[in-house]
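Trainee: generate coordinates for the sequence data below:
(2 chains)
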Amino acid sequence: MSFFLFKPHVEGLTGDITTPDIIIDRLLLSDGGALNPIPSRLLSSAAEIGIEGNAATAFPAYMLAAAGGGVIISPAIIVRSEDATFNTTSIHIARMAWRWKNVSGHADKNLFLSVLGAETTICNLGDPRKIIEEVHGAKSDELPRGVAVLCFSKSCSVDVQGAVRLPVTMKDSALDRSLVFPFDLDSAAADPWPERPLPRYSVGPQEDDVKHYI
Amino acid sequence: MSYTAYAATMQGVWFSHDDGENWSRLLTPTGGMYNEARCWAIETHPDRPGNVLAGTDQGLYRYTREKNRFDYVPSPMDDLHILQIARDPNDPNFIVCGTRPGEVFISEDDGESWTRSKLAVATECWFINTTRVTSIKFDPRERDTIWATVEIDGAFRSRDRGKTWELLVDGLVDRDTHDMIFLDRGDGREILMSTEAGVHRSRDNGASWVCEPIDLAPWPYFRSLRSLPGKPEQVLASVGDKPSGETGMVLLSEDFGATWREVELPHPVNSTIWSFATHPGDPNLVFFATIFGQIYRSKDGGASWTKIKRELGEIRMIAWEPSAPAA
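Mentor: Residues are numbered from 1 along each chain as shown, chains lettered A, B, ... in the order given. Predicted coordinates:
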């Protein structure tokens, strides 16, 4: 069994933040069509990644995740290397979230995602209400335990070259607040430490030398 | 002067607003940080009281008095232990964090973005398996120079604001280094560095070190060193029987370690004294914390101490600052 341990900071309506650690062991991908299960091990909360090759396509995304206090929604980014030996795609989820129930009433027109000038409404990437209903199999505001859904659109993306900052912003214009995921993209081809030394080994005190140690 | 004291513990960050007598944490539902997060480091802001960075095993956090909560600061250090945080006193937006494994991360924009520094510490250690950064100091005279002590590898210096580092271990009896302080007089400089095998002094800006036996101390395990603000020759040193230890003492020097005297404590300490807290707002107000949770307060620059009744489990760092105006 594999899972991803998600550690979001869930901001409430009164400035409160709760920090549930959530195990995600069933991840579904929504690109506007059918929901497809994908390995949860693809998820990461790393705020930077090195990509193979120099060119990549980044898709702003959001993730819905089941939580005891109600479904949470977080900004995310999907990065696909264009000229990779491996078909490299990585998914990065911000450790920041809102409760879906706190934004669902105005999500249609007031909830936006943006990255590098590419902006869209959340609902353009898939209406969370319909997605939740489809996953749950009934009209509901909840997702089953351990389930998360990653939503993006192939038509909403930005092409990038080399190292670049790709902050993903989820903005709620009705409540005048935003979550910013400060994501950085590096090229794996560029060695960040070109003259890197060999690893060294240290010994430290020996029991014979330092009798005061346990 | 009203002030706030902070304790970084293995159960989050504790606050005291009444001279260190009572301590409390933020409420878990509203505080922004898991209250049992392991917290090793607290760094106050030189210009913004009530703006505090905390280094934990859950990532980096920023407390602000206005929100009265911690906000998570995204960084590459989420999966590391953030053991040390230092702000450049001349540019508080320049932040240096030291971690376990022994790495240094630098932000030049108050935590918005981070760069991993090229600190070539030992990557494996027989005695503690994994090296760790035990202190970070901005050089009081050379603006671009940063110092770091690493357990167990020695002392490091960067003269280009953390871009490159050099290892300075000539003469060290032991590379298990913990803390360092500086005394600049005219063109001369002396550095004191604590190690698990005693205090070392350098008179050539770290090029070489000489271990100075201190007969007064029954043990060699020196942990924390602190010069009083504005009085660099007046030094407090903590020494314990071992880490974590069962006892320890405070030594006070009026001449930057040339001579020492033991300071009388009103109650025996229960373990090694891990951290001193001072602030320029009142050079005579000093706290220290033992690793197993005791807190002591001095209002005369460390000459005499009062033990705080409240104890807090495992404390890794203590700090204080003048209180911010109420939100």
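Trainee: in space, what's closest to B:Asp184 - neighbours in sequence excluded?
Mentor: Distances taken as C-beta to C-beta, 6 or more residues apart in numbering or on different chains place B:Arg141 nearest to B:Asp184, at 5.1 Å, with adjacent residues excluded. The way it works is simple: take the backbone N, C-alpha and C, and place the C-beta from them, glycine included.
Trainee: three-state assignment of that neighbour?
Mentor: coil (DSSP: H, G, I helix; E, B strand; the rest coil).
Trainee: next up, the contacts around it.
Mentor: B:Arg141 sits next to B:Phe182, B:Asp184, B:Arg189 when contact means C-beta atoms under 8 Å, 6 or more residues apart in numbering or on different chains.
Trainee: just the closest of the residues you listed to B:Gly162, please.
Mentor: B:Phe182 (17.8 Å; C-beta to C-beta).
Trainee: helix or strand right after the helix or strand harbouring the closest one?
Mentor: In the assignment (DSSP states H and E), B:Phe182 maps to strand B:177-185. Sequence order places strand B:188-195 as the next helix or strand after strand B:177-185, per DSSP H and E.
Trainee: listing partners with orientation, what would you give for that following strand?
Mentor: Applying DSSP bridges, strand B:188-195 is found paired with strand B:177-185 (antiparallel), strand B:198-202 (antiparallel).
Trainee: point out the residues in chain A that sit beside chain B.
Mentor: A:7, A:9, A:15-19, A:45-48, A:94-96, A:165, A:181-182, A:184, A:192-193, A:196-197, A:199-205, A:210, A:212-214 (C-beta under 8 Å from any C-beta of the partner chain).
Trainee: quick one: the helices in chain A, in order.
Mentor: Ranges of helices in chain A, per DSSP state H, are A:100-103, A:107-110, A:128-136.
Trainee: ok, and what's touching the longest one?
Mentor: Just to be clear, that refers to helix A:128-136. A:28, A:30, A:35, A:62, A:64, A:71, A:73, A:100, A:104, A:107, A:122, A:139-144, A:147, A:149, A:151.
Trainee: okay, now A:Gly53: neighbour count?
Mentor: Neighbourhood size, A:Gly53 [other C-beta atoms under 10 Å in any protein chain shown]: 16.
Trainee: what do you get for B:Leu236?
Mentor: Quick note: B:Leu236 (other C-beta under 10 Å) scores 23 neighbours.
Trainee: in chain A, what residue is nearest chain B?
Mentor: Nearest residue of chain A to chain B, counting by C-beta to the nearest C-beta: A:Gly204, 3.0 Å away.
Trainee: what sits up against stretch B:84-98?
Mentor: Contacts of stretch B:84-98 (C-beta under 8 Å, 6+ apart): B:40-43, B:45-48, B:53-55, B:60, B:75, B:77, B:82-83, B:99, B:104-111, B:117, B:132-138, B:143, B:146, B:148, B:161-162.
Trainee: likewise for stretch A:177-191?
Mentor: With C-beta under 8 Å, 6+ apart as the test, stretch A:177-191 has contacts from A:11, A:47-54, A:56, A:58, A:74-77, A:79, A:92, A:94, A:96-98, A:160, A:162-172, A:192, B:74, B:112-113.
Trainee: now those residues: which count as buried?
Mentor: A:11, A:47-49, A:51-54, A:56, A:58, A:74-77, A:79, A:92, A:94, A:96-98, A:160, A:166-172, B:74, B:113 (16 or more other C-beta atoms under 10 Å in any protein chain shown).
Trainee: helix or strand for B:Ala303, which one?
Mentor: Counting by DSSP H and E, B:Ala303 is part of no helix or strand.
Trainee: about what we covered before: quick one, which of the residues of chain A next to chain B are buried?
Mentor: A:7, A:9, A:17-19, A:45, A:47-48, A:94-96, A:181-182, A:184, A:202, A:204-205, A:210, A:212.
Trainee: phi, psi of the closest residue to B:Ala197 other than its chain neighbours?
Mentor: Spatially, and ignoring its direct neighbours in sequence, B:Ala197 is nearest to B:Asp174 (3.6 Å; C-beta to C-beta, 6+ apart). Backbone torsions of B:Asp174, given as degrees, to the nearest 10, read phi -150, psi 140.
Trainee: which residues touch B:Asp174?
Mentor: So B:Asp174 contacts A:Gly204, A:Pro205, A:Val210, B:Thr195, B:Glu196, B:Ala197, B:Gly198 (C-beta under 8 Å, 6+ apart).
Trainee: got a list of contacts for the strand holding B:Phe182?
Mentor: B:134-135, B:137, B:139-141, B:147, B:149-155, B:189-196, B:222-227, B:232-233, B:235, B:256.
Trainee: B:Tyr221 pairs with what?
Mentor: B:Gly240.
Trainee: tell me the contacts of it?
Mentor: Counted by C-beta under 8 Å, 6+ apart, B:Tyr221 has contacts A:His212, B:Glu196, B:Val239, B:Gly240, B:Asp241, B:Lys242, B:Pro243, B:Gly245, B:Thr272.
Trainee: per-residue confidence at it?
Mentor: At B:Tyr221, the model reports a pLDDT of 94.
Trainee: what is the burial count for the closest residue to chain A within the stretch 201-327 of chain B?
Mentor: Using C-beta to the nearest C-beta, the single residue of the stretch 201-327 of chain B nearest to chain A is B:Lys242, 4.5 Å away. B:Lys242 has 19 neighbouring residues, counting by other C-beta under 10 Å.
Trainee: repeat that for B:Ala7.
Mentor: B:Ala7, neighbours per other C-beta under 10 Å, totals 30.
Trainee: OK, contacts around it?
Mentor: So B:Ala7 contacts B:Val13, B:Trp14, B:Ser16, B:Trp23, B:Ile42, B:Ala289, B:Ile295, B:Leu312, B:Ile315, B:Met317, B:Ile318 (C-beta under 8 Å, 6+ apart).
Trainee: regarding the nearest residue to it once chain neighbours are set aside, what is its secondary structure?
Mentor: Of all residues not flanking B:Ala7 in the chain, B:Trp14 sits nearest, at 4.4 Å (C-beta to C-beta, 6+ apart). What three-state DSSP gives for B:Trp14 is strand.
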